[in-house]
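1. got a predicted model here, sequence first, then my questions.
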Amino acid sequence: MTRYPGGPAESPGFLLWHVTHTWQRAVTAALAPLDLTHVQFVLLACTWWLTNEGHTPNQQDLARQAGTDIKMTSQVLKTLENKGLLTREISPTDARAKTLAPTPAGIELAQRAITAVEAVDETFFAPVSTPALVKTLTKLTATG
């Protein structure tokens, strides 16, 4: 039994599932030439953004900003560090924490990747892009 007489085509969750995966495929394709996965992009871009805003983020700050699991964040950050895109150093105020900073190569790649992903967003969301959509998505994000 379902509350949607028209089946999955009327289910907001099922539709969101499909929209999300369609959008993710487009982002993945845009990031492939840059040798970044989607999650690598998100973490690199968030590190760049936080640093650019004058913060010295640690891994926990970054995971909170990106909405990612802290352990997974740590693993992906090791990959980004191995690629020479960011540094992870012991925090001067907390020996258990590692502070993050993008390298010059990381900054350049983050900016190129942000441009590529924003182009995907512009094309993908063009038919429905409005301030109301952003407000709705923000509201839905806050409920999680």
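-> On my side now, so go ahead.

2. what residues sit buried inside the longest helix along the chain?
-> For the chain, the helix that runs over the most residues, judged by DSSP state H, is helix 104-125. Of all the residues in helix 104-125, those buried under the rule 16 or more other CB atoms under 10 Å are 106, 107, 109, 110, 113, 116, 117, 120. (Glycine included, C-beta is placed from N, CA and C.)

3. tell me what it is packed against?
-> helix 12-31, helix 38-52 (3 or more CB pairs under 8 Å, 6 or more residues apart in numbering; DSSP states H and E).

4. now the helix or strand hosting residue 64: how far from the chain's centre is it?
-> Using DSSP states H and E, residue 64 sits in helix 59-66. From the chain centre to the centre of helix 59-66 is a distance of 11 Å (CA atoms, centre = their mean, to the nearest Å).

5. who's in contact with the following helix or strand past that helix?
-> Sequence order places helix 70-82 as the next helix or strand after helix 59-66, per DSSP H and E. Outside helix 70-82, the residues within contact range by CB atoms under 8 Å, 6 or more residues apart in numbering are 39-40, 43-44, 59-60, 62-63, 66, 68, 86-88, 100, 106.

6. now tell me what touches stretch 61-68 from outside.
-> For stretch 61-68, with CB under 8 Å, 6+ apart as the criterion, the contacting residues are 39, 42-43, 46-47, 49-50, 55, 57, 69-70, 73, 76-77, 100, 141.
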